[in-house]
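1. predicted structure and sequence below. I'll ask about it afterward.
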Amino acid sequence: MDATNAWLTLSSIFVEDAGVYRVLVSNSQGNALSAGAELVVMPPSEPPRLTINTINNQLEITIEGETGQTYSIEFTSGLDRDDDYWVLLSALTLTNSTQSFTDAEATNQPQRFYRAVLEPF
(Lines give C-alpha, C1' and ligand atoms only; values in the text may rest on other atoms or scores of the structure.)
Protein backbone atom coordinates (compact mmCIF):
# COMPACT_ATOMS: atom_id res chain seq x y z
CA MET A 1 0.00 0.00 0.00
CA ASP A 2 1.40 3.40 -0.94
CA ALA A 3 0.76 5.79 1.94
CA THR A 4 2.14 9.00 3.36
CA ASN A 5 0.12 9.19 6.58
CA ALA A 6 1.14 8.40 10.13
CA TRP A 7 -1.92 6.18 10.59
CA LEU A 8 -3.67 3.30 8.90
CA THR A 9 -7.44 3.04 8.53
CA LEU A 10 -9.01 -0.35 7.97
CA SER A 11 -12.64 -0.73 6.99
CA SER A 12 -14.80 -3.79 6.49
CA ILE A 13 -12.64 -5.97 8.69
CA PHE A 14 -13.68 -9.42 9.83
CA VAL A 15 -12.82 -11.70 12.74
CA GLU A 16 -10.51 -13.60 10.36
CA ASP A 17 -8.42 -10.41 9.91
CA ALA A 18 -7.22 -10.51 13.53
CA GLY A 19 -3.51 -11.01 13.98
CA VAL A 20 -0.15 -9.27 14.31
CA TYR A 21 0.63 -6.64 11.70
CA ARG A 22 3.91 -4.90 10.91
CA VAL A 23 4.68 -1.94 8.70
CA LEU A 24 7.62 -1.57 6.38
CA VAL A 25 8.55 2.09 5.99
CA SER A 26 10.98 3.20 3.34
CA ASN A 27 12.43 6.42 1.99
CA SER A 28 15.62 7.53 0.31
CA GLN A 29 17.58 6.77 3.50
CA GLY A 30 16.54 3.12 3.68
CA ASN A 31 13.92 0.81 5.18
CA ALA A 32 12.61 0.21 8.69
CA LEU A 33 10.32 -2.55 9.87
CA SER A 34 8.00 -1.69 12.75
CA ALA A 35 7.38 -3.78 15.80
CA GLY A 36 4.30 -5.97 15.58
CA ALA A 37 0.92 -4.50 16.51
CA GLU A 38 -1.88 -6.89 17.35
CA LEU A 39 -5.26 -6.29 15.77
CA VAL A 40 -8.09 -7.77 17.82
CA VAL A 41 -11.46 -8.04 16.09
CA MET A 42 -14.41 -8.63 18.35
CA PRO A 43 -17.31 -10.57 16.84
CA PRO A 44 -20.53 -8.60 16.66
CA SER A 45 -22.76 -8.75 19.69
CA GLU A 46 -26.38 -9.79 19.60
CA PRO A 47 -28.55 -7.16 17.93
CA PRO A 48 -30.37 -4.86 20.33
CA ARG A 49 -34.03 -5.49 21.06
CA LEU A 50 -36.65 -2.78 21.50
CA THR A 51 -39.86 -3.17 23.49
CA ILE A 52 -42.50 -0.46 23.33
CA ASN A 53 -45.22 0.10 25.93
CA THR A 54 -47.68 2.85 26.77
CA ILE A 55 -47.49 3.95 30.40
CA ASN A 56 -49.64 6.85 31.65
CA ASN A 57 -50.30 7.99 28.06
CA GLN A 58 -46.55 8.11 27.40
CA LEU A 59 -44.69 5.87 24.98
CA GLU A 60 -41.92 4.06 26.85
CA ILE A 61 -39.18 2.43 24.78
CA THR A 62 -37.00 -0.19 26.44
CA ILE A 63 -33.77 -1.24 24.76
CA GLU A 64 -32.07 -4.49 25.64
CA GLY A 65 -28.46 -4.76 24.56
CA GLU A 66 -24.87 -5.04 25.67
CA THR A 67 -23.84 -3.00 28.72
CA GLY A 68 -21.33 -0.29 27.79
CA GLN A 69 -22.36 -0.16 24.12
CA THR A 70 -23.80 3.00 22.60
CA TYR A 71 -26.94 2.71 20.50
CA SER A 72 -28.72 5.31 18.40
CA ILE A 73 -32.48 5.09 18.76
CA GLU A 74 -34.04 6.29 15.53
CA PHE A 75 -37.58 6.69 14.22
CA THR A 76 -39.38 7.15 10.94
CA SER A 77 -43.01 7.93 10.17
CA GLY A 78 -43.41 5.29 7.48
CA LEU A 79 -41.84 2.29 5.84
CA ASP A 80 -43.79 2.22 2.61
CA ARG A 81 -42.32 5.16 0.66
CA ASP A 82 -39.00 5.79 -1.04
CA ASP A 83 -38.56 9.10 0.79
CA ASP A 84 -38.65 7.58 4.30
CA TYR A 85 -35.67 8.47 6.41
CA TRP A 86 -34.57 7.73 9.95
CA VAL A 87 -34.33 10.54 12.52
CA LEU A 88 -32.16 10.33 15.63
CA LEU A 89 -34.31 10.28 18.75
CA SER A 90 -31.61 9.54 21.30
CA ALA A 91 -28.13 8.09 21.68
CA LEU A 92 -27.79 5.85 24.73
CA THR A 93 -24.79 4.19 26.29
CA LEU A 94 -26.26 1.32 28.24
CA THR A 95 -25.32 1.30 31.91
CA ASN A 96 -27.40 -1.88 32.36
CA SER A 97 -28.40 -4.53 29.87
CA THR A 98 -31.90 -2.99 29.80
CA GLN A 99 -32.64 0.71 29.76
CA SER A 100 -35.88 2.65 29.20
CA PHE A 101 -36.74 6.15 28.06
CA THR A 102 -39.83 8.05 26.89
CA ASP A 103 -40.59 9.46 23.45
CA ALA A 104 -42.55 12.57 24.49
CA GLU A 105 -43.47 13.47 20.90
CA ALA A 106 -44.88 10.07 19.94
CA THR A 107 -48.42 10.78 21.12
CA ASN A 108 -48.61 13.75 18.69
CA GLN A 109 -47.86 11.53 15.67
CA PRO A 110 -50.22 9.19 13.78
CA GLN A 111 -47.49 6.49 13.68
CA ARG A 112 -43.80 5.97 14.30
CA PHE A 113 -41.45 3.08 13.62
CA TYR A 114 -38.31 2.63 15.73
CA ARG A 115 -34.94 0.96 15.40
CA ALA A 116 -31.74 0.74 17.46
CA VAL A 117 -28.39 1.05 15.67
CA LEU A 118 -25.11 0.05 17.32
CA GLU A 119 -22.65 2.95 17.20
CA PRO A 120 -19.04 2.26 16.24
CA PHE A 121 -16.38 2.48 18.95
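-> Looks like it arrived, so ask away. Numbering: from 1, shown residues only.
2. give the contact list for the residue of the chain positioned farthest from its centre.
-> Each residue of the chain has a distance to the centre, and by Cα atoms, centre = their mean the biggest one is for residue 29: 42.7 Å. Residues in contact with residue 29 (Cβ atoms under 8 Å, 6 or more residues apart in numbering): none are found. Glycine gets a C-beta too; all of them are placed from N, C-alpha and C.
3. try residue 22
-> 33-37.
4. repeat the analysis, applying 6 Å as the threshold.
-> Counting by Cβ atoms under 6 Å, 6 or more residues apart in numbering, residue 22 touches 33-34, 36.
5. what pairs with the lowest-mean-pLDDT helix or strand in the chain, and is each one parallel or antiparallel?
-> Using mean pLDDT, DSSP states H and E, strand 24-27 stands out as the lowest-scoring helix or strand of the chain, at a mean of 87. With DSSP bridges as the test, strand 24-27 is paired with strand 30-33 (antiparallel).
6. quick one: buried residues of the partner strand?
-> By neighbour count on 16 or more other Cβ atoms under 10 Å, the buried set for strand 30-33 is empty.
7. what lies in contact with it?
-> With Cβ under 6 Å, 6+ apart as the criterion, strand 30-33 contacts 22, 24-25.
8. try 10 Å this time
-> 22-26 (Cβ atoms under 10 Å, 6 or more residues apart in numbering).
9. same deal with stretch 90-107?
-> 48-49, 51-75, 89, 109, 112, 114, 116-117, 119.
10. quick one, strands of the chain?
-> 19-21, 24-27, 30-33, 37-39, 49-55, 58-64, 70-76, 87-93, 98-103, 113-118 (DSSP state E).
11. dump the ones you listed into JSON lines; add distance to residue 9 as well.
-> Formatted as JSON lines, these follow (distance: least, Cβ to Cβ, whole Å):
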{"stretch": "strand 19-21", "distance to residue 9": "13"}
{"stretch": "strand 24-27", "distance to residue 9": "17"}
{"stretch": "strand 30-33", "distance to residue 9": "21"}
{"stretch": "strand 37-39", "distance to residue 9": "12"}
{"stretch": "strand 49-55", "distance to residue 9": "32"}
{"stretch": "strand 58-64", "distance to residue 9": "30"}
{"stretch": "strand 70-76", "distance to residue 9": "20"}
{"stretch": "strand 87-93", "distance to residue 9": "23"}
{"stretch": "strand 98-103", "distance to residue 9": "32"}
{"stretch": "strand 113-118", "distance to residue 9": "20"}
